[in-house]
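K.L.:
need a structure here:
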Amino acid sequence: MADRVLVEILVAAPIDVVWKALREPAEVCKWFGWDYPSLASDVDMMWGNIKVDEKNRRLYDDDQPDRFEVEPVGDQTIVRVIRSAPATDASWRGIYDDVFEGWMTFMNQLKFALERHAEDPRATLFLNGRASKDGVPNPIEALGLSPLWVVPVGDRYTVKTATGDTLSGTVYYRSANQLGLTVDSFGDGMLIAAVRPKTEKSLHGGGSVLLTTYRQDEAALKALRERWSQWWKDTYEVIEIQP
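P.N.:
Residues are numbered from 1 along each chain as shown. Take a look at the predicted model:
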């Protein structure tokens, strides 16, 4: 077996705060994934199987290859997702991995929530889909976000999206398949757009968009969800829209 750090982030919060956010299901629901009817019960089920090494601040599941480890750095905390797998495992060869992409999203959600919205309830919209044919642009291209690939992390941006929204904020993170942006008009929220290359289930590629908002009034939130959901339906074969 070989160990590999899949995701490593530095969270500007003390280790006890980060550990609580990773350990307690009610806290996990504040940052993990997106809102859907069974989120709380699913988190209870997933975290109910996790074993806890309090001494080494490690979370693991004997039936899964990935584990969490946290390490204090002054009043900040390093969070790592580490995978143990045979050296011949497909994930070591750079093959697209939905689980890795999920951890990349979730860990940046954890960092964002703890650093900027520790006490704020969120509202989300998750759009997941496939391209119906070759030539359909991925979500980053389709939304008009491609120019932001070259904007340094931490720099400001303003962009007009294909949904008709003009968004401003900072580039929060990027990876090979994801672009994370803070969005001022989402109540200092976040947009994560992810690209899915061609796979057995998505023969022409596709991807997802996750919007996280704070302090939005109900009318504005409803209009935002309707506008983005309709654009998604017009652009992709829908796998999932939540909520």
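
K.L.:
For the rest of this, base every contact and every neighbour count on C-alpha atoms.
P.N.:
Fine.

K.L.:
host element of the residue most central in space within the chain?
P.N.:
Closest residue to the average C-alpha location of the chain: residue 105 at 2.3 Å, with CA atoms, centre = their mean. Remark: residue 105 resides in helix 98-116, with elements defined by DSSP states H and E.

K.L.:
same for that helix, what does it pack against?
P.N.:
Using 3 or more CA pairs under 8 Å, 6 or more residues apart in numbering; DSSP states H and E, the elements in contact with helix 98-116 are strand 2-11.

K.L.:
Name the residues that touch the next helix or strand after the strand it packs on?
P.N.:
Using DSSP H and E, the next helix or strand after strand 2-11 towards the C-terminus is helix 15-23. Contact partners of helix 15-23, identified using CA atoms under 8 Å, 6 or more residues apart in numbering, comprise 11, 27-28, 47, 57, 70-72, 75-77, 114.

K.L.:
mind redoing it with 10 Å?
P.N.:
11-13, 26-32, 47-48, 50-52, 54, 57-59, 68-79, 110-111, 113-114, 118 (CA atoms under 10 Å, 6 or more residues apart in numbering).

K.L.:
Tell me the buried residues in it?
P.N.:
Neighbour-count burial for helix 15-23, counted by 16 or more other CA atoms under 10 Å, picks out 15, 18-19, 21-23.

K.L.:
Isn't the residue nearest to the centre of the chain up against residue 211?
P.N.:
No: Residue 105 is beyond contact range of residue 211, at 11.6 Å (criterion: CA atoms under 10 Å).

K.L.:
Mind giving me the packing neighbours of the lowest-mean-pLDDT helix or strand in the chain?
P.N.:
Every helix and strand of the chain was ranked by mean pLDDT, DSSP states H and E. The lowest is helix 39-48, at a mean of 92. Counting contacts by 3 or more CA pairs under 10 Å, 6 or more residues apart in numbering; DSSP states H and E, helix 39-48 is packed against helix 15-23, helix 25-28.

K.L.:
quick revisit: the residue nearest to the centre of the chain and residue 32: what is the separation?
P.N.:
Counting by CA to CA, to the nearest Å, the separation of residue 105 from residue 32 is 9 Å.

K.L.:
hmm, back to that, can you check which of the helices and strands packed on helix 39-48 gets nearest to residue 86?
P.N.:
helix 15-23 (26.5 Å; CA to CA).

K.L.:
if we can go back for a sec, can you pull the pLDDT of the residue nearest to the centre of the chain?
P.N.:
We note a pLDDT of 98 for residue 105 in this prediction.

K.L.:
Who are the contact partners of it?
P.N.:
By CA under 10 Å, 6+ apart, the residues touching residue 105 are 7, 32-33, 99, 173, 175, 178-180, 192-194, 210.

K.L.:
One more pass at 8 Å, please.
P.N.:
33, 192.

K.L.:
ok, now residue 173?
P.N.:
153, 179-181.

K.L.:
Take these and keep only those in strands.
P.N.:
For the contacts of residue 173, the ones inside strands are 179-181, with DSSP state E as the criterion.

K.L.:
could you dump those to a markdown table with pLDDT?
P.N.:
Converted to a markdown table, the ones in strands among the contacts of residue 173 look like this (pLDDT from 0 to 100):
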| residue | pLDDT |
| --- | --- |
| 179 | 98 |
| 180 | 98 |
| 181 | 98 |
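
K.L.:
Leaving out chain neighbours, which residue sits closest to residue 242?
P.N.:
Excluding the flanking residues, the one nearest residue 242 by CA to CA, 6 or more residues apart in numbering is residue 126, at 5.0 Å.

K.L.:
model confidence over the helix or strand containing the one you found, on average?
P.N.:
Here residue 126 sits within strand 122-130, counting by DSSP H and E. Averaged across strand 122-130, pLDDT comes to 98.

K.L.:
and that strand with helix 98-116, angle?
P.N.:
160 degrees (axes from the mean of the first three to the mean of the last three CA atoms, to 10 degrees).

K.L.:
Okay then, goodbye and thanks.
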